[in-house]
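Participant: 3D, please:
(2 chains)
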Amino acid sequence: MANFVKTELKVKHTFNQRLKRHYLNDIQSVYHCHHYSALYTQLAIDANEEALLATAAEENFYVMLINYFKENNVEDIELKVILACEYYSVLGLGSLTVDVLSNNMSIVSSENSHIELGWIKKWKNYDKPVNYIGCGYVSAMLSAVLNHPIGTFETVELQSIVMGSEKTIFKSYVK
Amino acid sequence: MSIDRKKIIDDMSKIQVLGNSRGLIEAFNVYVNQLPTNFWNTFAERLVAKSNLDLVSDVENLLIYAARECGYHTGYGIITSEEWKAIVQPMVETTEDVLHGAFAVFTAWGWAQTEILELVPGEKMVVRAYDYYEADSVLYGRLDRKCAYMIQGVCSAFMALAYSGEYETDGSKALDFECIQTKGIECGDDYGEFVIEKRKE
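Facilitator: Below you'll find the model as predicted:
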């Protein structure tokens, strides 16, 4: 997965003056802060609904990525990986690097994470992984990049910034 | 009131919130994200829908609480930001102007198309929302429960920022006011309406 040509993601931001709504590449989006994302994550943990949070993320990010690839005629797998990682950053979620990509098992790492740095800023470290939104993104990214149906992959965190690691490592495998 | 609401919305809606080389958007003293509105709605609605009936109110209160903290901390970051100082501060003469300005920013940021309908300083505020993303999921029919959790939380937080004294980093003052949603687009009303009052001990 080396020697990629760095390609910039096309980002079109629009504001509907009548409805007062923002759109990022024609998908309605909204600014929120790390307090909001941390508290939603904590709520998912407390309710034992971490999978619900990850699935909500996966469904929405899958649509976003599929739409982007389709509208921009992106079919090359390597280019899709680059663009999907850039999209993660444009959303403010941090940085992603795909270390291993395969149809059955992939490894993705993140040296910067909105969810985890936000959690640490708010509450300090935690003894369990918390980046369920990131897990959902990675699952969506792999399905979109590899042309698999949504829901193909399960993603877990092997190590986590919020637990004290230098970077978070996601492992994805076919369900 | 000297607040030019249209100008604030026009100017603040044009501000591009950009990420840094680490993929993080650091602004207003918080990490900001710009995620699809449908993501937030999906999680909130499914969580409420899955909850046992006797727990629904608790879950809803926790969703509101998330927005209270968001509104309190991010709201403070906004009203102390350079953008606020440049665009809104020159129009501000009173504490009430700060609130009117904050709701214009609330609108400009795409949280909801809101404005203050009634304001009794330090006591009560009535806010109307003419359009908001939290009502989007209802495609047909109407809900029997109001679900603008984010607006409820942020309204309470803004009132606390205005009338609860100095900002505190622990966010505890965000609980000083409580908000009741009295109307909702999701319930078939023409607009959402929110009544914010000092919390009763």
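
Participant: number of nearby residues for the closest residue to A:Ser165 other than its chain neighbours?
Facilitator: Excluding its sequence neighbours, the residue lying closest to A:Ser165 (C-beta to C-beta, 6 or more residues apart in numbering or on different chains) is A:Gln159, at 4.2 Å. In this view, the C-beta of every residue, glycine as well, is placed from N, C-alpha and C. Per other C-beta atoms under 10 Å in any protein chain shown, the neighbour tally for A:Gln159 reads 15.

Participant: so what's A:Gln159 up against?
Facilitator: A:165, A:167-169 (C-beta atoms under 8 Å, 6 or more residues apart in numbering or on different chains).

Participant: For my notes, confirm B:Val32 occurs in a helix.
Facilitator: No - counting by DSSP: H, G, I helix; E, B strand; the rest coil, B:Val32 is not found in a helix; it is strand.

Participant: contacting residues for the residue positioned nearest the centre of chain B?
Facilitator: The residue lying closest to the centre of chain B (C-alpha atoms, centre = their mean) is B:Val154, at 3.1 Å. Going by C-beta under 8 Å, 6+ apart, B:Val154 touches B:67-68, B:70-71, B:75, B:106, B:111.

Participant: Counting only helices, which of the residues you listed make the cut?
Facilitator: Secondary structure from DSSP state H places B:67-68, B:70-71, B:75, B:106 of the contacts of B:Val154 in helices.

Participant: For A:Ile66, what is the enclosing helix or strand?
Facilitator: Element membership of A:Ile66, judged by DSSP states H and E, is helix A:50-71.

Participant: is any part of that helix close to chain B?
Facilitator: Yes - contact between helix A:50-71 and chain B, assessed by C-beta under 8 Å from any C-beta of the partner chain, occurs at A:52-53, A:56-57, A:59-61, A:63-64.

Participant: who wins for neighbours among the residues you listed?
Facilitator: A:Phe61 leads these on contacts (other C-beta under 10 Å) with 29 neighbours.

Participant: so what's that residue closest to, chain neighbours aside?
Facilitator: A:Ala140 (3.9 Å).

Participant: my guess is the one you found contacts A:Tyr68, does it?
Facilitator: No - counting by C-beta atoms under 8 Å, A:Ala140 sits too far from A:Tyr68 to count as a contact (11.6 Å).

Participant: for the chain, what spans make up the helices?
Facilitator: No chain in the question, so chain A it is. Under DSSP H, chain A gives helices at A:34-46, A:50-71, A:77-90, A:114-123, A:132-145.

Participant: ah, I was thinking of chain B
Facilitator: Under DSSP H, chain B gives helices at B:5-12, B:37-50, B:56-79, B:82-87, B:95-108, B:149-163.

Participant: any chance of the ones you listed in TSV, plus mean pLDDT?
Facilitator: As requested, these are arranged in TSV below (pLDDT from 0 to 100):
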stretch	mean pLDDT
helix B:5-12	93
helix B:37-50	97
helix B:56-79	94
helix B:82-87	92
helix B:95-108	93
helix B:149-163	96
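
Participant: closest to A:Ile107 out of the ones you listed?
Facilitator: helix B:37-50 (24.6 Å; C-beta to C-beta).

Participant: Residues in contact with the closest one: which ones?
Facilitator: Counting by C-beta under 8 Å, 6+ apart, A:27-30, A:32, A:40, A:43-44, A:47, A:49, A:52-53, A:56-57, A:59-61, B:56, B:59-60, B:63, B:110, B:133-134, B:136-137, B:145, B:147, B:149-150 sit against helix B:37-50.

Participant: buried subset of the residues you listed?
Facilitator: Buried members of the contacts of helix B:37-50, scored by 16 or more other C-beta atoms under 10 Å in any protein chain shown, are A:27-30, A:32, A:40, A:43-44, A:47, A:49, A:52-53, A:56-57, A:59-61, B:59-60, B:63, B:110, B:133-134, B:147, B:149-150.

Participant: now, which of the contacts of A:Gln159 sits nearest A:Glu75?
Facilitator: A:Ile169 (28.2 Å).

Participant: so what's that closest one bridging to?
Facilitator: A:Ile169 has these beta-bridge partners by DSSP bridges: A:Ser109, A:Gln159.

Participant: count of residues packed around it?
Facilitator: By other C-beta under 10 Å, 18 other residues sit near A:Ile169.

Participant: show me the contacts for it.
Facilitator: Taking C-beta under 8 Å, 6+ apart as the test, what A:Ile169 contacts is A:107-110, A:157-159.

Participant: Same check on A:His34?
Facilitator: So A:His34 contacts A:114-115, A:117-119, A:121-122, B:30-33 (C-beta under 8 Å, 6+ apart).

Participant: what about the residue nearest to B:Ile185 when sequence neighbours are not counted, distance to chain A?
Facilitator: Distances taken as C-beta to C-beta, 6+ apart put B:Ala135 closest to B:Ile185, at 4.0 Å, once the chain neighbours are dropped. Going from B:Ala135 to chain A by C-beta to the nearest C-beta, to the nearest Å gives 12 Å.

Participant: Show me what residue of chain A gets nearest to chain B.
Facilitator: Per C-beta to the nearest C-beta, A:Ser89 is where chain A lies closest to chain B, at 3.1 Å.

Participant: how about the residue lying closest to that residue once chain neighbours are set aside, what does it touch?
Facilitator: Residue nearest to A:Ser89 in three dimensions, not counting chain neighbours: B:Gly23, with 3.1 Å by C-beta to C-beta, 6+ apart. Neighbour list for B:Gly23: A:88-90, A:92-96, A:112, A:114 [criterion: C-beta under 8 Å, 6+ apart].

Participant: Top of these by number of neighbours, please.
Facilitator: Ranking these using other C-beta under 10 Å puts A:His114 first, with 32 neighbours.

Participant: residues in contact with that one?
Facilitator: A:His114 neighbours (C-beta under 8 Å, 6+ apart): A:34, A:37, A:92-94, B:23-25, B:31, B:33.

Participant: Thank you kindly, that will do.
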